[in-house]
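Novice: Next one to model:
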Amino acid sequence: MGVFPIDQALSLAEEKNLDLVEINANINPPVCKIVDYGKYKYELTKKKKEAKKKQVTFDVKNLELRPFIGKGDLEYKVKNAKEWLLDGDKVKISIFFRGRELANKERGFELLKNVIDQLKDVAVVEKEPFFQGKRIECLIGPIKKGGNKDAQVKNLENSKEEI
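Specialist: Numbering: from 1, shown residues only. Below is the predicted model:
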């Protein structure tokens, strides 16, 4: 409508039985609209909800291993990691060393490489394995965002048969 003095803008709003709402106060002159404030507020909350729906969220799950873990225990933990990855979560794999186990760092890296190889059909390495203190850590994430979860579950069942 153009630039109006504030008194004139308020009187125009009152004539139409609407409210004068300030949209952007940071510019000169400030931008205002003549609208029904209740409806305006409702539309803003609706836009916020829509934006929140489109937001991608994920958790980081921890998979803690030891360098001399048993075969059955390792299979069980890898199976859990696959399920987490199919749900869209990231997995942080940690291999803890105690005492003289630190002399076998190579075994820890081999174990981590083995786990990553088992998860390569559903995961991608986001942070390469690194040694920190008394542990080796690595972060992996799911390959697909969204996608057909039924097909992914079928792939998981097929990979169980291979193990």
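Novice: what's the helix or strand hosting residue 73 packed up against?
Specialist: Assigned by DSSP states H and E, residue 73 belongs to helix 71-86. Packing partners of helix 71-86 (3 or more CB pairs under 8 Å, 6 or more residues apart in numbering; DSSP states H and E): strand 60-65, strand 90-96, helix 105-118, strand 135-142, helix 149-162. For glycine as for every other residue, the C-beta is placed from the backbone atoms N, C-alpha and C.
Novice: Tabulate those (CSV), appending mean pLDDT, distance to residue 12 and mean neighbour count.
Specialist: As requested, those are exported to CSV (pLDDT from 0 to 100; distance: least, CB to CB, whole Å; neighbours: other CB atoms under 10 Å):
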stretch, mean pLDDT, distance to residue 12, mean neighbour count
strand 60-65, 91, 54, 15
strand 90-96, 93, 54, 19
helix 105-118, 91, 66, 16
strand 135-142, 92, 55, 19
helix 149-162, 48, 54, 12
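Novice: any idea of the mean pLDDT for the helix holding residue 73?
Specialist: The pLDDT scores in helix 71-86 average 93.
Novice: buried ones in that helix?
Specialist: Residues of helix 71-86 classed as buried under the neighbour-count rule (16 or more other CB atoms under 10 Å) are 74, 77, 78, 81, 82, 84, 85, 86.
Novice: and the first one, what is it in contact with?
Specialist: With contact set as CB atoms under 8 Å, 6 or more residues apart in numbering, residue 74 has these partners: 65, 111, 115.
Novice: Outline the domain layout of this protein.
Specialist: For the chain, the structural domains run 6-54, 60-162, going by automatic domain parsing.
Novice: Residue 130 - nearest residue in space that isn't next to it in sequence?
Specialist: With CB to CB, 6 or more residues apart in numbering as the criterion, residue 130 has its nearest non-adjacent residue at 6.2 Å, and that residue is residue 137.
Novice: That neighbour and residue 91 touch, don't they?
Specialist: No - using CB atoms under 8 Å, residue 137 makes no contact with residue 91, being 11.1 Å away.
Novice: contact partners of the lengthiest helix in the chain?
Specialist: Across the chain, the longest stretch assigned as helix under DSSP state H is helix 37-54. The contact list for helix 37-54 (CB under 8 Å, 6+ apart) reads 19, 21, 33.
Novice: thought the second one was touching residue 36?
Specialist: No - counting by CB under 8 Å, residue 21 does not reach residue 36; the two are 9.2 Å apart.
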